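Visitor: Output the structure for:
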Amino acid sequence: MVPVKLFEQKKVRSHYDPEKEVWYFSVIDVIEILTESPRPRKYWNALKTKLSDEGSELSQKLGQLKMEAGDGKLRETDVADTETLLRLIQSIPSPKEEPFKLWLAKVGYERMQQISDYWNESGVELPDEFAMLTNIIRHEWTVLTVKKHKDLKGLKSQNLRAHISEAELIFTA
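Guide: Numbering: from 1, shown residues only. Take a look at the predicted model:
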C-alpha cells in the first residue's frame, strides 16, 4: 500500500524508495492542493505543455508509479522527487506555496529523525562518522553532497548554512 501524507487534511499520495533513499509525491495531488482546481489533471496537462514550450526540463525529471486512485484501483500517476517538486511548485501561482514547502520540509525532517534515531541506536559517536552521515542526509533531500551544494551556490570558503533558504534550513535542522 502506498503511504498517504496529509497536508491541511488533503491527501498526498507518496512513496519512499529505500534503495534510492528518495521520496516521490503524486504531482496531481499537489496540483489539486495548490490550485484547488476541480480538474487537476487538466491543469497539469496544460502546465506540462507550457513548461515544455518554455524549454523546461522538469517533465523529463518526472517518473510514474502505480498509486491507488479514488476508485481504489492502482493507476500510473506522475510523481516527482522533492527537488523536482519544489521546482514545479514555483511554476504554480498559489497562496499555499510557502505552507506546502514547509510541509514538504517537515516530511523530510521526519525521515531524517528516523535516520538519526537509527544512528543513535547503532552507536555513531565520532565527528567523522557524523560528518559522513550528515552528507548522506543532505544527499537524501537535495540529491547533492555538501561540496556539490556549495559548488551549485558558487560558494568557496563560505559556510553553506549561512547561504541557504528557509526551506533548506528546516531540512538541515
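
Visitor: can you give me the strands in this protein?
Guide: Along the chain, counting by DSSP state E, strands occupy 4-7, 10-17, 22-26, 63-68, 74-81.

Visitor: What strands flank the second one, and is each parallel or antiparallel?
Guide: According to DSSP bridges, strand 10-17 forms sheet pairs with strand 4-7 (antiparallel), strand 22-26 (antiparallel).

Visitor: Give me the average confidence score over the longest one.
Guide: When you say that, I think you mean strand 22-26. Mean pLDDT, computed over strand 22-26, is 86.

Visitor: Dump the C-alpha coordinates for it into PDB.
Guide: The C-alpha coordinates for strand 22-26 follow below in PDB (Å, rounded to 0.1, in the frame of the first residue of the first chain):
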ATOM      1  CA  VAL A  22      14.100   9.300  -2.100                       C
ATOM      2  CA  TRP A  23      10.500  10.300  -1.500                       C
ATOM      3  CA  TYR A  24       8.200  10.600  -4.500                       C
ATOM      4  CA  PHE A  25       4.900  12.500  -4.400                       C
ATOM      5  CA  SER A  26       1.900  12.500  -6.700                       C
END
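
Visitor: so who does residue 47 touch?
Guide: Going by Cβ atoms under 8 Å, 6 or more residues apart in numbering, residue 47 touches 31, 91-92. Yep, even glycine has a C-beta here, placed from its N, CA and C like the rest.

Visitor: now those residues: which count as buried?
Guide: Neighbour counting by 16 or more other Cβ atoms under 10 Å classes 31, 92 among the contacts of residue 47 as buried.

Visitor: Closest one of the contacts of residue 47 to residue 71?
Guide: Comparing those against residue 71 with Cβ to Cβ picks out residue 31 as the nearest, at 19.2 Å.

Visitor: Against residue 19, how distant is the closest one?
Guide: Going from residue 31 to residue 19 by Cβ to Cβ, to the nearest Å gives 27 Å.
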